[in-house]
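**Student:** fold the following, please.
(one chain, ligands or ions: 1)
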Amino acid sequence: MAVDSITFSADCEKCFGLCCTALSFDRSDQFGHDKLGGEPCQFLERDFRCRIHARREDLGYSGCEAFDCMGAGQRASAAFASLNWRQDSAVSRRLYARFSQLLLLQEMRQALVTAGTLDLPDENHAQRRDILARIGAEADGMAPDVTIAARDVLAEGKAFLRSLAPGLLD
Ligand code: SF4
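**Tutor:** Coordinates of the predicted model:
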């Protein structure tokens with residue numbers, strides 16, 4: 001896939017409100033209450049819309065406004081669209097775990113795309129493109145579970161970025 005056709009934009013219309021359910025947050029100046037991972041936010045409606053969407057900043061939820069899943073939400077939702085995740089907690093746990101892994105994949109993908117602007121030796125760019133292609137295959141595949149291949153290529157991407165900027169990811 002060409003780099004400029006990678007979708008990093010969140011498409012909330014095609015997502016099951018995963019950032020508002022799968023992730024945890026603590027009451028702070030960014031979030032108005034504590035929430036455990038895997039529990040729907042108290043403001044999340046059945047249709048996955050936020051009841052306080054227009055007033056989030058005023059009500060102390062600026063962290064929600066700042067969050068960007070980079071397209072992980074619609075990818076995980078598409079993979080689970082035909083599965084009974086709403087009624088089956090075992091399936092919903094798989095969905096949330098896959099969403100969390102997709103967040104990491106999309107973040108790494110973005111970092112590797114950005115690294116394409118660096119003035120690096122050709123062999124570095126070749127390695128970057130190779131890792132990027134495998135990250136893309138994992139992120140755009142329809143795997144309904146966390147995969148070992150994704151975990152491994154994430155580790156490879158992290159090691160690659162660390163080799164460019166030692167200490168950056170420590
Ligand atoms: S306040 Fe709204 S956007 Fe933030 S987690 Fe709750 S439902 Fe989602």
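
**Student:** from now on I want contacts and neighbour counts done on CA atoms only, so please keep to that.
**Tutor:** Fine.

**Student:** tell me which residue is most central in this structure.
**Tutor:** The centroid of the chain falls nearest to residue 103 when counting by Cα atoms, centre = their mean (1.8 Å).

**Student:** that one and the ligand: what is the separation?
**Tutor:** As judged by Cα to the nearest ligand atom, to the nearest Å, residue 103 and the ligand stand 16 Å apart.

**Student:** list the contacts of that residue.
**Tutor:** Residues near residue 103 by Cα atoms under 8 Å, 6 or more residues apart in numbering: 69-72.

**Student:** pLDDT below threshold where in the chain?
**Tutor:** Applying pLDDT under 70 to the chain picks out residues 1-5, 166-170.

**Student:** any idea how far the longest helix along it is from the chain center?
**Tutor:** Longest helix of the chain, by residue count under DSSP state H: helix 89-115. Relative to the mean C-alpha coordinate of its chain, helix 89-115 is positioned 4 Å out (Cα atoms, centre = their mean, to the nearest Å).

**Student:** on that earlier part again, and the residue nearest to the centre of the chain, how far from residue 111?
**Tutor:** Distance of residue 103 to residue 111, given as Cα to Cα, to the nearest Å: 12 Å.

**Student:** next: residue 15.
**Tutor:** 23 Å.

**Student:** could you tell me which residues of the chain lie near the ligand?
**Tutor:** Contact residues (Cα under 6 Å from any ligand atom) of the chain with the ligand: 20, 41, 43-44, 50, 52-53, 61, 64.

**Student:** among those, name the buried ones.
**Tutor:** Neighbour-count burial (16 or more other Cα atoms under 10 Å) applied to the residues of the chain next to the ligand gives 20, 41, 44, 50, 61, 64.

**Student:** return stretch 59-72 as PDB; C-alpha atoms alone will do.
**Tutor:** C-alpha atoms of stretch 59-72 as PDB (Å, rounded to 0.1, in the frame of the first residue of the first chain):
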ATOM      1  CA  LEU A  59     -17.200  19.300  31.900                       C
ATOM      2  CA  GLY A  60     -13.500  18.300  32.400                       C
ATOM      3  CA  TYR A  61     -13.000  15.700  29.600                       C
ATOM      4  CA  SER A  62     -10.400  17.400  27.500                       C
ATOM      5  CA  GLY A  63      -8.500  14.100  27.500                       C
ATOM      6  CA  CYS A  64     -11.200  12.700  25.300                       C
ATOM      7  CA  GLU A  65     -10.900  15.500  22.900                       C
ATOM      8  CA  ALA A  66      -7.200  15.100  22.700                       C
ATOM      9  CA  PHE A  67      -7.200  11.400  22.100                       C
ATOM     10  CA  ASP A  68      -6.700  10.100  18.600                       C
ATOM     11  CA  CYS A  69      -7.000   6.300  17.800                       C
ATOM     12  CA  MET A  70      -5.400   6.900  14.400                       C
ATOM     13  CA  GLY A  71      -7.900   4.600  12.800                       C
ATOM     14  CA  ALA A  72      -7.500   1.700  15.200                       C
END
